[in-house]
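Asks: return atomic coordinates for the entry below.
(chains A and B)
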Amino acid sequence: MPFKTAQIRLVSSHSEVYEPCDDSFALVDALLADRSNLIEHKPKFCMEVGCGSGYVITSLALLLGHEFHGIHYFATDTNPHAVRVTRETMEAHGVHAELISTDIASGLEKRLAGLVDIMVVNPPYVPTPEDEVGREGIISAWAGGEDGRSVIDRILPVADNLLSRKGWLYLVTLESNHPLQLCLQMRERGYASRIVVQRSTDEESLHIIKFWRNFDKE
Amino acid sequence: MRLLTHNMLSSNVKGVTNGFPLGIEVEKVVEKQVELSADFLINIFSKIEWKALVDASRAVGYAELPDQADASMLDSDEFLRKFHHALLELHLEEGALLCPETGRRFPVNKGIPNMLLHEDERGVSHGGCRKSNTQLRRIKYFDRKTSLSWAEQCIMMAVDKLKTTTSALCKFCDCGKCPASA
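Replies: From the prediction side, this is the model:
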């Protein structure tokens, strides 16, 4: 049976790129747990914002299938090293995504609006001093500013704009990002949400939240 | 970078009103065959800016697309094959994308367009970071360890300080609970 997730030994690396860690594994576990729903969802465009090493988008491409099924992948990162590493990781697994070095989805927001059926985001969620946010290199993989929310709060409106009517968003959050408050904020934008995976480690308590548009409430 | 992506990208330079379509500067184009999915092509057709795709495909050396296209042509296998080839099989590997309004050049290296803007083009301050990786890992660990209990830490710090001098406390704590901020 072919592997359904990316293999660590094939994941490329670079000193300035965040390596797959607990948070990445938790996100991929969430996707695996939701695999039958994802396949039934028949997405056309899938996207990862902040692809880092490429572990997550490669896993998504492996578990969903590829062009043969008419599924296309986009991945962005603000760290150009990360985008190159993602390309190598994807090539090593024989899958493809269209890659763009950009801030969140800058440049795609006009034309890709309403087309993304699956979006996965493992944002920089670690609470840090605000001036660490938006720096170059590996620090961009975790520096999240106050409550670790600075970048998350910028990503959510972009996600709302890019997601299709049937679009789903999988978001990694930390307890200190106030996930409940995030869910309530997204509810105001018309999204329902569910915690797909919850995981506590020595260091942090992670929630993977799935968001989808809730048409019942309209 | 596929021409599909070119069709989805606009210039993101601050103040640009119509940044689409981006011009193409070609250094190297590669062809990679992928299986055709008629479903995908039929679904995506209405979302594609046809003229931009025709111009882009000509820029990378493929002149087979008709100037005009409408949905009725999707019944033709030949049309689907050409549409598929232009949209998904031609990759701009090296070159650049050009903002139609400002001429700003977005380089494309190893098939990856770089849409990152300089500070003055986006008006948001992004400082550089020159710390070593090891230092950063340590900072990250420290932040993760402590961030969950920032308020507690604040109180602890206040209590510590209370042992020495109360006047210094007010600078550190505004939690509203501990003696320092009360």
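
Asks: if I pick the residue in chain A that chain B sits nearest to, what's in contact with it?
Replies: Relative to chain B, the nearest point of chain A is A:G70 (3.2 Å; C-beta to the nearest C-beta). Any C-beta I mention is one placed from the backbone N, CA and C, and that applies to glycine too. Applying C-beta atoms under 8 Å, 6 or more residues apart in numbering or on different chains, one finds that A:G70 lies in contact with A:K44, B:S37, B:D39, B:F40, B:N43.

Asks: how does it look with 10 Å?
Replies: Applying C-beta atoms under 10 Å, 6 or more residues apart in numbering or on different chains to A:G70 gives the contacts A:42-44, B:35-44.

Asks: look up how far A:S193 lies from it.
Replies: 28 Å (C-beta to C-beta, to the nearest Å).

Asks: rewinding a little: ok, and the most crowded of the contacts of A:G70?
Replies: When neighbours are counted by other C-beta atoms under 10 Å in any protein chain shown, A:P43 leads the contacts of A:G70 with 23 neighbours.

Asks: any part of the strand or helix carrying A:K210 near chain B?
Replies: Using DSSP states H and E, A:K210 falls within strand A:205-213. Yes: on the criterion C-beta under 10 Å from any C-beta of the partner chain, strand A:205-213 is in touch with chain B at A:S205.

Asks: so for B:I44, what's the nearest residue that isn't a sequence neighbour?
Replies: Leaving aside its chain neighbours, B:I44 sits nearest to A:K44 (7.1 Å; criterion: C-beta to C-beta, 6 or more residues apart in numbering or on different chains).

Asks: that neighbour contacts B:L4, correct?
Replies: No: using C-beta atoms under 10 Å, A:K44 is not in contact with B:L4, being 11.2 Å away.

Asks: quickly list what's touching both of those two.
Replies: Contact criterion C-beta under 10 Å, 6+ apart; residues shared by A:K44 and B:L4: A:H72, B:I44, B:K47.

Asks: next, the angle from the biggest strand by length in chain A to strand A:205-213.
Replies: Ranked by number of residues, the top strand in chain A under DSSP state E is strand A:163-174. On the basis of axes from the mean of the first three to the mean of the last three C-alpha atoms, to 10 degrees, strand A:163-174 is oriented at 170 degrees to strand A:205-213.

Asks: counting contacts, what elements does the very next helix or strand once past strand A:163-174 pack onto?
Replies: Counting by DSSP H and E, the element after strand A:163-174 in chain order, helix or strand, is helix A:179-188. For helix A:179-188, the packing partners by 3 or more C-beta pairs under 10 Å, 6 or more residues apart in numbering or on different chains; DSSP states H and E come out as helix A:150-162, strand A:163-174, strand A:191-200, strand A:205-213.

Asks: packing partners of the helix or strand of chain A with the lowest mean pLDDT?
Replies: Using mean pLDDT, DSSP states H and E, helix A:35-41 stands out as the lowest-scoring helix or strand of chain A, at a mean of 92. Applying 3+ C-beta pairs under 10 Å, 6+ apart, we find helix A:35-41 packed against helix A:22-33, helix A:55-64, strand A:116-121, strand A:163-174.

Asks: then the shortest one to PDB, C-alphas only?
Replies: I take that to be strand A:116-121. Output in PDB follows, covering the C-alpha atoms of strand A:116-121 (Å, rounded to 0.1, in the frame of the first residue of the first chain):
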ATOM      1  CA  VAL A 116     -10.300  27.100  -2.800                       C
ATOM      2  CA  ASP A 117     -12.100  24.000  -1.500                       C
ATOM      3  CA  ILE A 118      -9.600  22.900   1.100                       C
ATOM      4  CA  MET A 119      -7.200  25.200   2.900                       C
ATOM      5  CA  VAL A 120      -4.700  24.100   5.500                       C
ATOM      6  CA  VAL A 121      -2.900  26.500   7.800                       C
END
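
Asks: tell me the strands beside that strand, with direction?
Replies: Looking at strand A:116-121 with DSSP bridges, its partner strands are strand A:45-49 (parallel), strand A:163-174 (parallel).

Asks: okay, those strands, which one's buried deepest?
Replies: Most buried of the strands paired with strand A:116-121 by mean neighbour count (mean count of other C-beta atoms under 10 Å in any protein chain shown) is strand A:45-49; its value is a mean of 27.

Asks: buried residues in the strand holding A:K210?
Replies: A:L206, A:H207, A:I208, A:I209, A:K210, A:F211, A:W212, A:R213 (16 or more other C-beta atoms under 10 Å in any protein chain shown).

Asks: name the helices or strands packed onto that strand?
Replies: So strand A:205-213, by 3+ C-beta pairs under 10 Å, 6+ apart, packs with helix A:22-33, helix A:150-162, strand A:163-174, helix A:179-188, strand A:191-200.

Asks: neighbouring strands - and their directions - for it?
Replies: Sheet pairing of strand A:205-213 (DSSP bridges) gives strand A:163-174 (antiparallel), strand A:191-200 (antiparallel).

Asks: can you redo those as a markdown table with mean pLDDT?
Replies: Below are the strands paired with strand A:205-213 laid out as a markdown table (pLDDT from 0 to 100):
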| stretch | mean pLDDT |
| --- | --- |
| strand A:163-174 | 97 |
| strand A:191-200 | 95 |
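
Asks: so can I have TSV of those showing distance to A:A141?
Replies: Compiled in TSV, the strands paired with strand A:205-213 are given as follows (distance: least, C-beta to C-beta, whole Å):
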stretch	distance to A:A141
strand A:163-174	12
strand A:191-200	19
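
Asks: closest to B:V54 out of those?
Replies: Taking C-beta to C-beta, strand A:163-174 is the member of these nearest to B:V54, at 25.8 Å.

Asks: tell me the angle that closest one makes with helix A:150-162.
Replies: On the basis of the same axes, to 10 degrees, strand A:163-174 is oriented at 160 degrees to helix A:150-162.
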